[in-house]
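Undergrad: Predicted model and sequence follow; I will ask about them next.
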Amino acid sequence: MVVAPLLRLRQPGLRGIGSTLYRSRPCPVESHICSQISQIAGQKAQCFSTSLSRWQSETLDRTRNIGIIAHIDAGKTTTTERMLFYSGFTRRIGDVDEGSTVTDFLPAERARGITIQSAAITFHWPPGDGAGSQPATQDPSAPKSAVSHTVNLIDTPGHADFTFEVMRSLRILDGAVCILDGVAGVEAQTEQVWRQASKYQIPRVIYVNKLDRDGAAFGRTVREVSSRLAVYPAVCQIPWFEGGNGAFVGVADAVNLQGLKWKAGEDGRTVKMMNLEQLDVEEHDLAQELRRARIALVELLSDQDEAIVEKFFECDEDHLAVPPMDIIDSLRRCVLDQSSRIVPVFAGASFRNMGVQPLLDAVVNLLPSPPEAPDPEVSIGGVKGGLRRLLSGDLIVEQDEKAPAPAKGKKKKKTALQADPKDAISKLQSCALAFKVVNDAKRGVLVYVRVYSGSLDRNSLLFNTNLHLSERAPRLLKMYANDAVEVDSIPAGHIGVVVGLKHARTGDTLLSYAGNKPTPPEPLTRLQLRPIDVPPPVFFTSVEPHSLSEEKRMHETLGLLLREDPSLHVSVDEESGQTLLSGMGELHLEIARDRLINDHKAKASMGRIEIGYRESGLGVSAAITKIFDKEVAGRRSKAGCTAIVEPISGEDISEAADEDTLLAETIEGNQIIIRAPGLQVDRSPRNDEETSPLLPPGLDPAALRAALQNGALAALARGPQFTFPMHNTRVTLTINLAEHLFGNETTTSALSGAARQATTAALRDLLAGSGTVMMEPVMDVIISVDEASLGSVVHDISSSRGGHILSLNEDAALSATDASESTAAEDSLPPIDPNRIYAPPDPFETSSVGVEMPVSSSRPRTITAKVPLKEMVGYLKHLRSLTAGRGTFVMSVDRFENMSAPRQKAVLAELRGGF
Ligand SMILES: Nc1nc2c(ncn2[C@@H]2O[C@H](COP(=O)(O)OP(=O)(O)OP(=O)(O)O)[C@@H](O)[C@H]2O)c(=O)[nH]1
């Protein structure tokens, strides 16, 4: 057998995935691809010094902003490392197990071997100078992978504690590769991330990895894709096991009808390619299976794509005669049109350096460029829609049409959007989303941005629509993992870094606009790109500085951690003075501790990680009035306020407002209503600023509102009986203008003090009446198990853990497992019968198309349940022991629920005695 590079063995007339990998550059030593790659790697310095003028000239259609999503340990980092190596970005392959990868660059990540932070890396595929130096037009008869593309790769974390981080990175992707573990198949977390990607309508391809491992089952995994992810798997490659059930040595490509074989133990740059006739001689059964795979592929595409049907007839109804380029075009149309529900599936074993280059070709050939990606969602002044529609003026027209008719006798209220939005929107120069904030030891705080429109220029003034402030962008960078190049601007569709911002946080929307005003014209100040909800934190821990002098630095560092990760929360308990850090999971807080103490060298220690219980009232308090009267900073401060607290149910948080209501807002599960009867608020039509002739000098309604709200929030942070934060509680604060305001002596700190004292007293009043109750976080839990362990897992959840089983689905398609994440469109999707899906037989299996499901004891089942978080601590270990290591689960916070008296007593006893 001759091992030769792809280039030499390429069959004339066969193009496409795999065959075009290395055609874009002249190969210096044609007989060996390694030489070509090292030559490209040698040009790295020159390539990386490319200035931004080059970046601007890049055509967007040769750019891919993609992410890799998967279950923990499916092989994201291992695959990424190979992508960087084959693209010439690195000279050697990093190893997750040795802690030498490029993407997992935080010390905490390297130590644990898991990905915590998303890192954005830019490389070119096929190797070359990316989109910049390519000819303006491309030969339409060649696949896109014939010319070099710029790939911006976002590595997303896989652990459930970092779901929020996954969401955050997902929303800036134009396409994604979903990696499945070929042994474990579709796991619970894969379903969760898949759902999130569906929410953002991200086109995807699937890569089944780890096919070298014992027990790898590509066919079973493909069937699970159809049944559990509710899509049609378009099998583009089938695994090549030597002799049918020997070692995994490569893949057979159903698009180009060829075999790709890698030599064991090599770095994967040399691939032996065989056409169907050669394959017939070397692996007859595989060649036959490849024919079946090609027939199934053409059939599947014909169900959705008219163009391929025509081609099929042109080819005398011969599935094998349809040209590969037509199949690639058809696959691309189906991937971009999500209603087709077709997802291409590829195969490999990244760790063995097999399958990654064809996957990279698929990224370029099948995933969308930024202009082809779905229009990113924006919200602007209460209106939601696509950014492109907003920029073209369509969004506002629709709002006009949809605006409800005014009540009889009332004039239609003019919203800012209807004022003169077109004029304002025409002033928008660029619009970007800060999707990641990282504190870099050498360069300071780096804000990763995805630019959606216009061009973000160096030194431009950026208005942050979340924080309502402006800051200048002094430096811009193009990032290569932990390497960077200075640039002058970041064009639309690209990902870059702004250095030197002091306030921007992860998730903030940044705008630049024409004119020299400090704020952009309305309604631009309210433009938000793909806003996401931060779930409530359910674990907390105390953080203590080692000495008083360390306290300031510790708080500064915590501030940085919060800018990086808004799903962390910091609060200070007013009575004990203790600083509390809360987050989404135990691992989340452990990582925060590592970052604080090991990376940022804060001299502080963290207490035990505990569940964040809450407290709620059982009845309505009396109306309590407090007058705050103290000297603050040498100045007499006096103000008063009346507070009433009462419980509200989660579903019934209505924000009824009348003209005396200054604020009605729901914050962290509580509602704050501020009333100031007779305040006579006047709103300036020019800048929306409010004034009132009845307020003391120096005070305006906005300051009054903010001071009272802050006071109430401080009081709600500590319940009267159990000292846990209050939840499902409504505080109504009333300011009586005649009795609670004292001229010049009424300052904002006095108002805030009065609100805090009155709310605290009203909360205490609850104890004299109906009392308070402890609340606990209850989780939505989805558990994947085999049929054989179903009984014991269900019994354990419902009897030992006090859980409530909602459903026991056989091959539950994702639309049925978690209504909260699925879209309305998904809910109405008909289920897909896995027995009608083409999947090649797994080693030791016999049939292929329409193969029967595996024996019933190993049939996958999905349990959906609601379980108190306390009972889920350490659950993975227990689940593994119940399921012989095969069970997996994911969970997310559903709500906080009142605890029964005996449960409350038991938990309190445990808390007092310690875990
Ligand atoms: N046998 C085999 N092992 C693999 C393969 N790909 C990855 N692994 C191993 O699987 C483990 C997890 O791989 P990672 O690349 O860290 O997985 P990940 O998905 O990035 O994991 P997180 O970063 O924790 O989300 C490591 O021990 C890898 O060496 C493969 O193709 N075959």
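TA: Nice, thanks for sending it over. Just so it is clear, the model here is predicted, and its values are computed rather than measured.
Undergrad: Contact partners for the residue nearest the centre of the chain?
TA: With distances taken as Cα atoms, centre = their mean, M167 lies nearest the centre of the chain, 1.5 Å away. With contact set as Cβ atoms under 8 Å, 6 or more residues apart in numbering, M167 has these partners: 196, 532. C-betas here are computed from N, CA, C, even on glycine.
Undergrad: Could you check how far it is from D73?
TA: As judged by Cβ to Cβ, to the nearest Å, M167 and D73 stand 20 Å apart.
Undergrad: would you say the residue nearest to the centre of the chain is within a strand?
TA: No: secondary structure assignment places M167 outside any strand; it is helix (DSSP: H, G, I helix; E, B strand; the rest coil).
Undergrad: What sits closest to I863 if chain neighbours are left out?
TA: Distances taken as Cβ to Cβ, 6 or more residues apart in numbering put I783 closest to I863, at 4.3 Å, once the chain neighbours are dropped.
Undergrad: who does the strand or helix carrying that neighbour touch, helix- and strand-wise?
TA: Using DSSP states H and E, I783 sits in strand 772-786. Applying 3 or more Cβ pairs under 8 Å, 6 or more residues apart in numbering; DSSP states H and E, we find strand 772-786 packed against helix 188-199, strand 614-617, strand 860-868, helix 875-882, strand 888-898, helix 901-913.
Undergrad: for those, which one ends up most surrounded?
TA: Across the helices and strands packed on strand 772-786, averaging neighbours per residue (mean count of other Cβ atoms under 10 Å) puts strand 614-617 on top, at a mean of 26.
Undergrad: Quick one: mean pLDDT over it.
TA: The average pLDDT within strand 614-617 is 94.
Undergrad: Check which helices and strands it is in contact with.
TA: Looks like strand 614-617 contacts strand 635-647, strand 772-786, strand 888-898 (3+ Cβ pairs under 8 Å, 6+ apart).
Undergrad: on that earlier part again, what angle do the strand holding I783 and strand 635-647 make?
TA: Angular relation of strand 772-786 and strand 635-647 on a 0 to 180 degree scale: 60 degrees, by axes from the mean of the first three to the mean of the last three Cα atoms, to 10 degrees.
Undergrad: quick one on the thing from earlier: name the stretch among the helices and strands packed on strand 614-617 that sits most buried.
TA: strand 772-786 (a mean of 24).
Undergrad: Direction included, what does that strand pair against?
TA: Strand pairing for strand 772-786, using DSSP bridges, gives strand 614-617 (antiparallel), strand 860-868 (antiparallel), strand 888-898 (antiparallel).
Undergrad: Let me know the helix or strand that the residue of the chain positioned farthest from its centre is in.
TA: Residue farthest from the centre of the chain, counting by Cα atoms, centre = their mean, is A738 at 50.8 Å. Secondary structure assigned from DSSP H and E places A738 in helix 737-740.
Undergrad: Which helix or strand lies directly C-terminal to that helix?
TA: Helix 737-740 is succeeded, C-terminally, by helix 748-768 (DSSP H and E).
Undergrad: now that following helix and strand 772-786, what's the angle there?
TA: Using the same axes, to 10 degrees: helix 748-768 against strand 772-786 is 80 degrees.
Undergrad: packing partners for the helix or strand containing A664?
TA: When elements are assigned from DSSP H and E, A664 belongs to strand 661-667. Here strand 661-667 touches strand 670-675, helix 701-716, going by 3+ Cβ pairs under 8 Å, 6+ apart.
Undergrad: Now the longest one: buried residues?
TA: Neighbour-count burial for helix 701-716 flags 701, 704-705, 707-716 (criterion: 16 or more other Cβ atoms under 10 Å).
Undergrad: can you pull up the bridge partners for the nearest residue to M899 once chain neighbours are set aside?
TA: Nearest residue to M899 in three dimensions, chain neighbours excluded: M774, at 4.8 Å (Cβ to Cβ, 6+ apart). Taking DSSP bridges as the rule, M774 bridges to E615.
Undergrad: Quickly list the domain ranges of the chain.
TA: What automatic domain parsing lists as the domains of the chain is 3-57, 62-372, 377-529, 539-607, 619-770, 774-911.
Undergrad: starting at the chain centroid, how far to the fifth one?
TA: Think domain 619-770. 36 Å (Cα atoms, centre = their mean, to the nearest Å).
Undergrad: Could you do the third one as well?
TA: Taking Cα atoms, centre = their mean, one finds the center of domain 377-529 at 19 Å from the center of the full chain.
Undergrad: Near the residue lying closest to E668 once chain neighbours are set aside, how many other residues are there?
TA: Spatial nearest neighbour of E668, excluding adjacent residues (Cβ to Cβ, 6+ apart): P536 at 6.5 Å. Other residues within reach of P536, judged by other Cβ atoms under 10 Å, total 19.
Undergrad: Spell out the residue ranges of the strands in the stretch 201-350 of the chain.
TA: Taking DSSP state E, counting those that start in this stretch as the criterion, the stretch 201-350 of the chain carries its strands at 204-209, 232-235, 237-241, 248-253, 258-262, 271-275, 342-347.
Undergrad: Turn those strands into JSON lines, columns for distance to the ligand.
TA: Putting those into JSON lines (distance: least, Cβ to the nearest ligand atom, whole Å) gives the following:
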{"stretch": "strand 204-209", "distance to the ligand": "5"}
{"stretch": "strand 232-235", "distance to the ligand": "19"}
{"stretch": "strand 237-241", "distance to the ligand": "12"}
{"stretch": "strand 248-253", "distance to the ligand": "9"}
{"stretch": "strand 258-262", "distance to the ligand": "12"}
{"stretch": "strand 271-275", "distance to the ligand": "16"}
{"stretch": "strand 342-347", "distance to the ligand": "11"}
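Undergrad: With mean neighbour count as added columns, please give these in CSV.
TA: Shown next, in CSV, are those (neighbours: other Cβ atoms under 10 Å):
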stretch, mean neighbour count
strand 204-209, 27
strand 232-235, 25
strand 237-241, 27
strand 248-253, 27
strand 258-262, 25
strand 271-275, 23
strand 342-347, 25
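Undergrad: For V445, find the nearest of the ones you listed.
TA: If you check each of those against V445 by Cβ to Cβ, strand 204-209 wins as the nearest, at 32.2 Å.
Undergrad: quick one: average pLDDT of that closest one?
TA: The average pLDDT within strand 204-209 is 98.
Undergrad: State the paired neighbours of it in the sheet, together with their directions.
TA: Paired strands of strand 204-209, with direction, are strand 175-181 (parallel), strand 342-347 (parallel) (DSSP bridges).
Undergrad: So the closest residue to the ligand within the stretch 501-650 of the chain versus E544, what's the distance?
TA: Residue nearest to the ligand within the stretch 501-650 of the chain: L587 (10.8 Å; Cβ to the nearest ligand atom). Using Cβ to Cβ, one gets 21 Å for the distance from L587 to E544.
Undergrad: hmm, back to that, what's near enough to touch the residue nearest to M899?
TA: So M774 contacts 613-615, 722, 724, 898-899, 904, 907-908 (Cβ under 8 Å, 6+ apart).
Undergrad: Which single one of those residues is nearest to P518?
TA: Nearest to P518 among those is R614, at 40.1 Å by Cβ to Cβ.
Undergrad: Apart from its neighbours in sequence, what residue is nearest the closest one?
TA: Nearest non-adjacent residue to R614, counting by Cβ to Cβ, 6+ apart: H727, 3.6 Å away.
Undergrad: and the gap between the one you found and the ligand?
TA: Distance, H727 to the ligand, by Cβ to the nearest ligand atom, to the nearest Å: 32 Å.
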